[in-house]
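J.: Compute the structure for the input listed below.
(one chain, ligands or ions: 1)
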Amino acid sequence: MHDSEKIEAVLRYHERTKHHFDRYAPGPGELDWANQPNPFRRYEGAPLVRLPVLGPDDEPASPHYEDLYRRRLVPSMPVTVRSLSRLLQYGLAISAWKQVGATRWALRCNPSSGNLHPTESYVLIGALPGLGDTAGLYHYAPREHVLERRADHSILMYAAWMREFPAQAFLVGLSSIHWREAWKYGERAFRYCQHDAGHAIGALRIAAATLGWTAALLDGLADEAVENLLGLNRAEDFVGAEREHPVAVLAVWPTDVTGDGQTRTRHGGPARLDSALAHPLTHACWHGAANRLSRDDPVRWEVIDEVAAATRKSVGEAQSFDTLATPGVERNGVASVDGPRAGKIILQRRSLLACDGRTSMAAERFYRILARVMPRAELPATQRPMPWDTVAWDPTIHLGLFVHRVDDIVPGLYLLVRDPTKMGRLKRAMRRRFDWSTPSDCPPDLPLRMLEAGDARRLATQLSCQQDIAGDGAFSLAMIAAYQEALFAHGAWFYRRLFWEAGLIGQVLYLEAEVAGVRATGIGCFFDDPVHRVFGIEDFAFQSLYHFTVGGAVDDPRLTTLAPYGARIDEHEHEHKHDRD
Ligand SMILES: Cc1cc2nc3c(=O)[nH]c(=O)nc-3n(C[C@H](O)[C@H](O)[C@H](O)COP(=O)(O)O)c2cc1C
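T.: Numbering: from 1, shown residues only. Below you'll find the predicted structure:
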């Protein structure tokens, strides 16, 4: 396919997977419950390494949540089995089981559309006591919190791959099983797989921050290299099993390793893996075979295969944003702040199922949440605040806000311009009669504008597929991406990254809501073009890709909560006190 054909395929996919007031994107209609894919992949026959299940007070202990956002405040833990276990626990592990009657399901630290969890994860790491005496690729199995050893690599080969990376650096790979989402959502599922990948990237970055580690997406890798690295192209290991699509590989390393306040690649430039991984890793010794996830073969959604092919990043397109240098402010004189521990917030994160329609939020808190999703686009990517240092492209997403219940802020439609240099372009693209005034007590460095005052509760609910949670919270929002420009500037492969950025924003909002004593929920179901009409968007310059709501949660009393890897949890211990400043 030529570049223009690929972009056309993406535009076509995006159009046909829009929900309209009178017609939803094509889906399966009835759900085939007997054929529901298993959310837990295992590689049968692969040697297992049991990871320690760490309690809240076990080492490495969690820093305060607020400290995660204060550059280099959290001391770097050495890479050990325990710290690796913490990374995976706070990033991707089960956080609780929920039960109603005889039905029980797992929730994880990373959320997922429909709780279907298409994302699989891998660790490629050198020899480590308690893990392996040679380098290896491991698949992470969250249900048991174990690593399955998929491949043995020689220490020399691993060292050669990693020679450009900081000392102790290792890799975390992600893949996606589209069928898990398509089973329920049909054609729109490819979007949700990408949102979920973005959430997983965010969850891993934030988990790394609890250990004083950095994580950076290696966007210079072609998808084929990701497949080679993670063994996804080994047809012999997937006989009768659903295949995984490559997502991304992140490099993770203790931020302080060079000890001079700087972490840089050995030669000072961007680190790359590509050339060594252009071929399948046939020299490795591979273990295990993937399990089958559903009874029957996956239902084929041709447009998903088509958009997956069109958005594949080929070797020629492996344009690199990779840079690993992370110059930081010295820790000296910066004191830790009080508040809940990051681990507690991460483990208690849940989607709200219903909003109380009452709880409001202090303006100061609202502004602080918005400040947290500002990527500081004016800085070089590696100097941006966590987690925006993980992805190196210039931010593409702005927030169209439906403000319902924020004290001292006039309800209505607002816009947070995450890249202030795009203010003019957004003004030109949106409705002429909008106000563009700055709320009176808005922090001067926060590019928030009021577009229109008014009660947007019904509108927000209506636009989010009639879901009350969008109108009953303190505020909800539409993530509006500079869609066409990003696709034309980078290529069709960037389509997936737009959703990753949206998922990353969502992950920050989820945790910020927990800290504020409220709750959040990602909303993948919304009526695309009606949303655009509300903002006056008439062409493809901007498109809404993801919705979100934040508000006071109403819990379902029928649900019992059980601990992730053992006894019962008392939910109240995990509830954060309503602290509205
Ligand atoms: C991409 C995405 C889209 C979602 N869309 C909706 C939605 O439209 N409506 C809703 O009620 N929940 C939605 N959710 C919330 C999920 O149902 C929820 O994350 C999942 O059930 C797991 O629960 P947890 O977030 O409490 O771990 C969405 C979540 C994600 C990540």
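
J.: only C-alpha atoms for contact and neighbour calcs from this point on.
T.: Noted.

J.: Quick check: which element contains the residue lying closest to Leu415 once chain neighbours are set aside?
T.: Closest residue to Leu415 apart from its sequence neighbours, by CA to CA, 6 or more residues apart in numbering: Gly400 at 4.6 Å. Secondary structure assignment for Gly400, by DSSP states H and E: strand 397-403.

J.: Just name whatever secondary elements that strand is in contact with.
T.: strand 412-416, strand 475-481, helix 494-515 (3 or more CA pairs under 8 Å, 6 or more residues apart in numbering; DSSP states H and E).

J.: The most centrally placed residue in the chain - nearest residue in space that isn't next to it in sequence?
T.: Centroid-nearest residue in the chain, with CA atoms, centre = their mean: His199, separated by 1.6 Å. Nearest residue to His199, sequence neighbours excluded (CA to CA, 6+ apart): Gly503, at 4.5 Å.

J.: Does the one you found touch His195 like I think?
T.: Yes: assessed by CA atoms under 8 Å, Gly503 is found in contact with His195 at 4.7 Å.

J.: Are we agreed that Glu144 is in a strand?
T.: No: under DSSP: H, G, I helix; E, B strand; the rest coil, Glu144 sits outside any strand and is assigned coil.

J.: Grab the nearest non-local neighbour of it.
T.: Tyr565 (7.6 Å).

J.: Ala481 now?
T.: Closest to Ala481 by CA to CA, 6+ apart is Ile397, at 4.2 Å.

J.: what does Ala553 give?
T.: Cys355 (4.7 Å).

J.: Now for Trp253, how many residues are close by?
T.: 27 (other CA atoms under 10 Å).

J.: what's the distance between it and Gly173?
T.: Taking CA to CA, to the nearest Å as the measure, Trp253 falls 14 Å from Gly173.

J.: again with Ala102
T.: Ala102 is 35 Å from Gly173, by CA to CA.

J.: the more surrounded of those two?
T.: Neighbour count, other CA under 10 Å: between Ala102 and Gly173, Gly173 has more, with 25 against 5.

J.: Distance-wise, check the residue nearest to Glu144 relative to Val49.
T.: 16 Å.

J.: same question, Met162
T.: Distance from Met162 to Val49, by CA to CA: 23 Å.

J.: can you pull the pLDDT of the residue nearest to Leu415?
T.: Looking at Gly400, its pLDDT reads 99.

J.: Now for it, how many residues are close by?
T.: Gly400 has 25 nearby residues by other CA under 10 Å.

J.: and if you look at the one 5 residues further on?
T.: Summarising burial for Arg405: neighbours were counted as other CA under 10 Å, giving 25.

J.: Contacts only, for the residue lying closest to it once chain neighbours are set aside.
T.: In this structure, Arg405 finds its nearest non-sequential neighbour in Ala474, 4.3 Å apart by CA to CA, 6+ apart. Under the criterion of CA atoms under 8 Å, 6 or more residues apart in numbering, the contact list for Ala474 reads Gly357, Thr359, Ser360, Met361, Val403, His404, Arg405, Val406, Thr549, Val550, Gly551, Gly552.

J.: What values do phi and psi take at the fourth one?
T.: Backbone torsions for Met361, taken as degrees, to the nearest 10, come to phi -130, psi 140.

J.: That one reaches Arg405, doesn't it?
T.: Yes: using CA under 8 Å, Met361 is in contact with Arg405, at 6.5 Å.

J.: pretty sure the residue nearest to Leu415 contacts Gly412?
T.: No: counting by CA under 8 Å, Gly400 does not reach Gly412; the two are 10.5 Å apart.

J.: Excluding covalently adjacent residues, which one is nearest to Gly136?
T.: For Gly136, the closest residue by CA to CA, 6+ apart turns out to be Asp152, at 4.5 Å.

J.: Torsion angles phi and psi at the residue in the chain sticking out farthest from the centre?
T.: Going by CA atoms, centre = their mean, the residue of the chain most distant from its centre is Arg433, 35.0 Å out. Main-chain dihedrals, Arg433, degrees, to the nearest 10: phi -80, psi 0.

J.: what sits against it?
T.: By CA under 8 Å, 6+ apart, no residues touch Arg433.

J.: Okay, it and Gly503: tell me how far apart.
T.: 31 Å.

J.: Could you tell me the end-to-end distance of stretch 52-61?
T.: 14 Å.

J.: Identify each buried residue in that stretch, please.
T.: Val53, Leu54, Pro60, Ala61 (16 or more other CA atoms under 10 Å).

J.: Give me the neighbour count for whichever residue of the stretch 301-450 of the chain sits closest to the ligand.
T.: Residue nearest to the ligand within the stretch 301-450 of the chain (CA to the nearest ligand atom): Arg350, separated by 3.4 Å. A count of nearby residues for Arg350, using other CA under 10 Å, gives 23.

J.: Identify the residues contacting it.
T.: Per CA under 8 Å, 6+ apart, neighbours of Arg350: Pro111, Tyr510, Arg519, Ala520, Thr521.

J.: Doesn't Leu88 lie inside a helix?
T.: Yes: the assignment for Leu88 by three-state DSSP puts it in a helix.

J.: who touches it in this structure?
T.: Applying CA under 8 Å, 6+ apart, the residues near Leu88 are Leu204, Ala207.

J.: tell me the pLDDT at it?
T.: At Leu88, pLDDT is 98.

J.: now swap in the one 4 residues further on and tell me
T.: With respect to pLDDT, Leu92 scores 98.

J.: and what of Gly130?
T.: For Gly130, pLDDT reads 97.

J.: Up against the ligand, what does this protein have?
T.: Within reach of the ligand by CA under 6 Å from any ligand atom, the chain has these residues: 107-108, 111-115, 192, 195-196, 350-351, 353, 521-525.

J.: Give me the neighbour count for the residue nearest to Gly136.
T.: Asp152 - counted by other CA under 10 Å - has 21 other residues nearby.

J.: out of everything not next to it in sequence, what's closest to Gly522?
T.: Phe548 (4.6 Å).

J.: helix, strand or coil for the one you found?
T.: strand.

J.: isn't it right next to Ser476, touching?
T.: Yes: at 5.5 Å, Phe548 counts as touching Ser476 under the criterion of CA under 8 Å.

J.: which of the two has more neighbours?
T.: More neighbours surround Ser476 than the other of Phe548 and Ser476, with 30 against 24 (other CA under 10 Å).

J.: Tell me what that one is bridged to.
T.: Applying DSSP bridges to Ser476 yields these beta-bridge partners: Phe402, Thr549.

J.: Against Arg149, how distant is it?
T.: Ser476 is 42 Å from Arg149, by CA to CA.
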